[in-house]
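Chemist: fold the following, please.
(chains A and B)
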Amino acid sequence: MASDLAFHRLLKPLLFLACLAPCARLLWGIQTDDLGPNPLETVTHTTGDWALRLLLVTLAMTPLRRLVHAAWPLRLRRMLGLFAFFYACLHFATWLVLDQELRWSDIVVDIGKRPYVTVGFAAWLLLVPLALTSTRRAMRRLGRRWSQLHKLVYLATLLAVVHYLWLVKADLRDPLLYAAVFAGLMLLRVPWRWLFQERRTPRRGEMSGG
Amino acid sequence: MLIKIRRPWELKESSVTPEPHFRQRRKLLQAAAAAGVGAAMPAIARVAPPKQGRRLSNVRDSEWGRELEPTDFDDITSYNNFLELGAGKRAPARNADKLRTRPWSIRVNGACEKPGQIDIEDILRKIPQEERIYRFRCVEAWGMIVPWDGFSLGTLLKRFEPTSKARYVAFETLYDPEHLPGQRRNILDWPYREGLRMDEAMHPLTMLVTGVYGMELPAQNGAPLRLIVPWKYGFKSIKSIVGIYFVEKEPATTWAALQPEEYGFYANVNPEVDHPRWSQKYERRIGEGLFARKHKTLKFNGYAEEVAHLYKGMDLRKFY
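Modeler: I've put the predicted structure just below:
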């Protein structure tokens, strides 16, 4: 099929490269010493931003499928989700190695003591089993439990949004924007039609009874 | 007017040359060569001059921080927390041209014998300015080394003759949403307010700053007049001051009022007292690059010898 060919030869590879672009820019920035006065902050924020953005883009694929009446959004979902995990790992590793300088006692204390670190760490932790079970084989082996397990992505994204909200000092505009997008994507998942029908059904019953 | 004081480092310098001094000297030589003045370069210019801005006249040298190597001018003036000029570290420099710093006067009143106003031009002309290289430590766990130009706050305060009721000094930033666009949104309770205990305010280290690197203070750094209290976290050092008031009770301060469990009135740099969100044990030095090790934060930001006595007997965990 021509559209299938376009998908495999064009859309997917292009998206793959696009997902790598933020990482490439950071590497280039490190190479050219062009990450601003506080490069650690730039790396931390960039990787964190893209982890969250890509989580939201991943969550947008299911509603998008319904919108375009095609299967291709679902076939991009795994790649996008894995890229979200990739940036989450870079974000976490940056914190561990460059920010905390692998002082493990401080790291454990920070995870336990500072709420925004706790939820950020929890969000990353929740993504680990999802990345590990992202293969076709795991999908087959887990069967129905696979989709149950992968519902954890909602919780992980929620925690990531909270992580952002709690670390900001005063200007909540950016984290609130992400929170709004997340809320919107969740609202799209509410089975409105089903709720609507549920409400209508008894009425029909009443009418037939009368 | 100017009294020549024999400087304590003059002898030391001829004996051993520690590496930072050596590097500073190289910078001086490079700067001198670049300016084409060679031997005529006064000893005052220890650091490479910035490329832009208006040079302050009559800034004399001081002994403060001669052992420290200053952060680059470009970093000091492009990485700022000044919410009045925008959120994010880069926004204040971008919006710098919006702030009008002339005419500018500061009203000083409250518990004092001679309340009044003082114009920024009078401050620049009549009060001798000196360069002091201080450590600057933000509560967000980063730091800089800044060659500030200015004078001890006490010099100005004494002119207004504070009375015995003046136990604290309160400061206020300009409120002008037209020229400080960040104030158009209620991120903070504008205008920004800060305060010091009288003995902190009169401490010779406490500075009113009019410039950096010998240049007039850029807007993003709090032009035309800001406070610098080097042993306290940066948020105490209020920018673009228009009001100074002598008061009897501890004044409300912006961050402490917004989040009292995170920000206190004292805000002394202290690696032993954690901020709920940032460990204060270490700090990242701006300009040192991505892979540089962090520095251990020093109690009172390295000024314990000068200021620790101010807090004798106080529980610094309680009065954070």
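
Chemist: who's in contact with the residue nearest the centre of chain B?
Modeler: To find the centre residue of chain B, average its C-alpha atoms and take the closest one (CA atoms, centre = their mean): that gives B:Ile228, at 2.7 Å. Contact partners of B:Ile228, counting by CB atoms under 8 Å, 6 or more residues apart in numbering or on different chains, are B:Tyr134, B:Phe136, B:Trp148, B:Gly150, B:Thr206, B:Met207, B:Leu208, B:Val209, B:Ser237. Every residue, glycine included, has its C-beta placed from N, CA and C.

Chemist: try B:Arg102
Modeler: With contacts defined as CB under 8 Å, 6+ apart, the neighbours of B:Arg102 are B:Ile120, B:Pro224.

Chemist: now the contacts of B:Ile228 in JSON lines, with distance to chain A?
Modeler: Putting the contacts of B:Ile228 into JSON lines (distance: CB to the nearest CB, whole Å) gives the following:
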{"residue": "B:Tyr134", "distance to chain A": "18"}
{"residue": "B:Phe136", "distance to chain A": "13"}
{"residue": "B:Trp148", "distance to chain A": "18"}
{"residue": "B:Gly150", "distance to chain A": "23"}
{"residue": "B:Thr206", "distance to chain A": "25"}
{"residue": "B:Met207", "distance to chain A": "23"}
{"residue": "B:Leu208", "distance to chain A": "25"}
{"residue": "B:Val209", "distance to chain A": "19"}
{"residue": "B:Ser237", "distance to chain A": "16"}
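
Chemist: adding neighbour count, write those out as CSV.
Modeler: Written out in CSV, the entries for these read as follows (neighbours: other CB atoms under 10 Å in any protein chain shown):
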residue, neighbour count
B:Tyr134, 25
B:Phe136, 20
B:Trp148, 28
B:Gly150, 27
B:Thr206, 24
B:Met207, 25
B:Leu208, 24
B:Val209, 26
B:Ser237, 23
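
Chemist: ok, and what's touching whatever helix or strand A:Ile111 lives in?
Modeler: Assigned by DSSP states H and E, A:Ile111 belongs to helix A:104-113. Taking contacts as CB under 8 Å, 6+ apart, the residues outside helix A:104-113 that touch it are A:Leu96, A:Gln100, A:Val117, A:Thr118, A:Phe121, B:Asp274, B:Ser279, B:Lys281.

Chemist: which ones among the residues you listed map onto helices?
Modeler: If you go by DSSP state H, these have A:Val117, A:Thr118, A:Phe121 in helices.

Chemist: so how far is A:Ala160 from the closest residue to the second one other than its chain neighbours?
Modeler: Of all residues beyond its chain neighbours, the one nearest A:Thr118 is A:Ile111 (5.9 Å), with distances taken as CB to CB, 6 or more residues apart in numbering or on different chains. Plainly put, A:Ile111 is 15 Å away from A:Ala160 if you go by CB to CB, to the nearest Å.

Chemist: those two: which has the busier surroundings?
Modeler: A:Ala160 (27 against 13; other CB atoms under 10 Å in any protein chain shown).

Chemist: quick one: contacts for the most centrally placed residue in chain A?
Modeler: A centroid search over chain A (CA atoms, centre = their mean) returns A:Leu55, at 1.5 Å, as the residue closest to the centre. The contact partners of A:Leu55, by CB under 8 Å, 6+ apart, come to A:Gly81, A:Ala84, A:Val153, A:Ala156, A:Thr157, A:Ala160.

Chemist: mean confidence score for stretch B:248-258?
Modeler: This predicted structure assigns stretch B:248-258 an average pLDDT of 96.

Chemist: which positions in that stretch come out as buried?
Modeler: Residues of stretch B:248-258 classed as buried by neighbour count (16 or more other CB atoms under 10 Å in any protein chain shown): B:Pro251, B:Thr253, B:Thr254, B:Trp255, B:Ala256.

Chemist: chain center to that stretch: distance?
Modeler: Here stretch B:248-258 is found 19 Å from its chain centre; the criterion is CA atoms, centre = their mean, to the nearest Å.
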